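J.: Could you look at this predicted model? Sequence included:
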Amino acid sequence: MEMHATQKAQRPRLPAWLRRALPSEHTFAQTRGLLEELNLHTVCESAKCPNHWECWSKGTASFMIAGDRCTRACGFCAISTLKPLALDAQEPGRVAEAAARMHLRHVVITAVARDDLADGGAEHFAQTIQAVRSRVPEMVIEVLTPDFLLKEEAVDKVLSAEPHVFNHNMETVRRLTPAVRSRATYERSLSLLGMVRKRASYRVYTKSGLMLGLGETEEEILQVMKDLRHVDCDILTLGQYLQPSLTHLPVKAFIRPETFDRLKSSAESMGFVHVASGPMVRSSYHADAFNAGFTVEEGRSSSSV
């Protein structure tokens, strides 16, 4: 794989293809103000996403429910690992209010891992989906969930609210999973995506993503793609891992744009219906670029595909 090597002592200088000017649009301040007014968390800010300036300037955000304290301590993630607070019963309504006022056409709802809860927060996901759909019936709804410790009842609860896209990220290749992901396992994540496909009573699109630059090989990336297609995963995202702080896992390599292009071609040839691959791609970045001809009829999602 063609890579740009990094130094180990400190966070390296970003290559040219990863440098961006900060936008100054008034919409950024409006988005921040709305999120503060409604007391909502976003993965954009909590996870220190490098795209949040752009997204907020365009009036989009990915909502993070169930608090901003995670029960896991993944080596790549900037979200705080602390004892979680009680769920906020009013949060689903506030997410729906924000999505409506931001005039979103595609909303992404994610959450911290809540291993302290019997259902891993699945009911809270379902309530948020239902609140958004009630407020804006035509909106495409995507969820990005933890693995729910592979509990069937938790998966069924989320699916009962019928999100259009069910996303769960593999994050990295099999070999690196133990070092990168707290408590999560490679097989459990694959099994979750397969479970969603098998247990859904409607056409739901499954999605997953990988961070590159943690020391994986191109052959290992291709194997993850094959494993995902084996469980009928529809959508794939590939992006560059960026170290959020010096206490997090270091970047082992910056992957060149042409490598991302080559990997996208490989993924498309395997049958993924949509692939987003590039240095700045994140799981929910430009999520609305995927359009499968969604329609909503009598509260039930369907697709023309």
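T.: Cool, the structure landed.

J.: Was I right to think Leu238 contacts Phe260?
T.: Yes. Between Leu238 and Phe260 there is a contact under CB atoms under 8 Å: 6.1 Å. All C-beta spots, glycine's among them, are computed from the backbone N, C-alpha and C.

J.: any shared contact partners between these two?
T.: 212, 277-278, 281 (CB atoms under 8 Å, 6 or more residues apart in numbering).

J.: Compare Leu238 and Phe260 (neighbour count), which wins?
T.: Taking neighbours as other CB atoms under 10 Å, Leu238 and Phe260 compare with Leu238 leading, 23 against 20.

J.: Which one of the shared contacts of Leu238 and Phe260 sits in the busiest neighbourhood?
T.: When neighbours are counted by other CB under 10 Å, Leu212 leads the shared contacts of Leu238 and Phe260 with 27 neighbours.

J.: Excluding covalently adjacent residues, which one is nearest to that residue?
T.: Distances taken as CB to CB, 6 or more residues apart in numbering put Ile255 closest to Leu212, at 4.8 Å, once the chain neighbours are dropped.

J.: Now do the phi/psi pair for the one you found.
T.: phi -80, psi 130 (degrees, to the nearest 10).

J.: That one and His41, how far apart?
T.: To His41, Ile255 is 29 Å away according to CB to CB, to the nearest Å.

J.: Please identify which of those two sits among more neighbours.
T.: Ile255 (28 against 23).

J.: quick one: the more buried one from Arg262, how far?
T.: Taking CB to CB, one finds Ile255 at 10 Å from Arg262.

J.: now Val108
T.: The gap separating Val108 from Arg262 is 27 Å, by CB to CB.

J.: more neighbours, the two?
T.: Each of Val108 and Arg262 has its neighbours counted (other CB under 10 Å); Val108 has more, 26 against 15.

J.: From what I see, the more buried one and Phe63 are in contact.
T.: Yes. With contact defined as CB under 8 Å, Val108 and Phe63 form a contacting pair (7.0 Å).

J.: burial of Tyr202, as a residue count?
T.: When neighbours are defined as other CB under 10 Å, Tyr202 has 11 of them.

J.: From Ala253, how far off is it?
T.: Taking CB to CB, one finds Tyr202 at 41 Å from Ala253.

J.: Next: Phe260.
T.: Phe260 is 13 Å from Ala253, where distance means CB to CB.

J.: Also Asp261?
T.: Between Asp261 and Ala253 the computed distance is 17 Å (CB to CB).

J.: ok, those two, which is more surrounded?
T.: The neighbour comparison of Asp261 against Ala253 (other CB under 10 Å) goes to Ala253, with 20 against 12.

J.: Quick check: bridge partners of that one?
T.: Ala5 (DSSP bridges).

J.: Touching, it and Gly215? I think so.
T.: Yes. Taking contacts as CB under 8 Å, Ala253 lies within contact range of Gly215: 7.4 Å.

J.: Surely the residue nearest to Leu212 is in contact with Val281?
T.: No. Ile255 is beyond contact range of Val281, at 10.9 Å (criterion: CB under 8 Å).

J.: Can you pull the residues that touch both of those two?
T.: Gln240.

J.: Which one of the shared contacts of Leu238 and Phe260 is nearest to Pro178?
T.: Comparing those against Pro178 with CB to CB picks out Leu212 as the nearest, at 17.9 Å.

J.: I'd like to know how far that closest one sits from Glu138.
T.: The gap separating Leu212 from Glu138 is 35 Å, by CB to CB.

J.: Equivalent analysis for Ser269, please.
T.: Distance of Ser269 to Glu138, computed by CB to CB: 34 Å.

J.: Run through the residues that contact the closest residue to Val165 other than its chain neighbours.
T.: Sequence neighbours aside, Glu142 is the residue nearest to Val165 in space, at 3.8 Å (criterion: CB to CB, 6+ apart). Counting by CB under 8 Å, 6+ apart, Glu142 touches 106-109, 163-167, 207, 284, 287.

J.: In this model Gly33 seems to touch Arg101, though I could be wrong.
T.: No. The criterion here is CB under 8 Å, and Arg101 misses it with Gly33 at 10.9 Å.

J.: Those two: which has the busier surroundings?
T.: Between Arg101 and Gly33, Arg101 has the larger neighbour count (other CB under 10 Å), namely 14 against 10.
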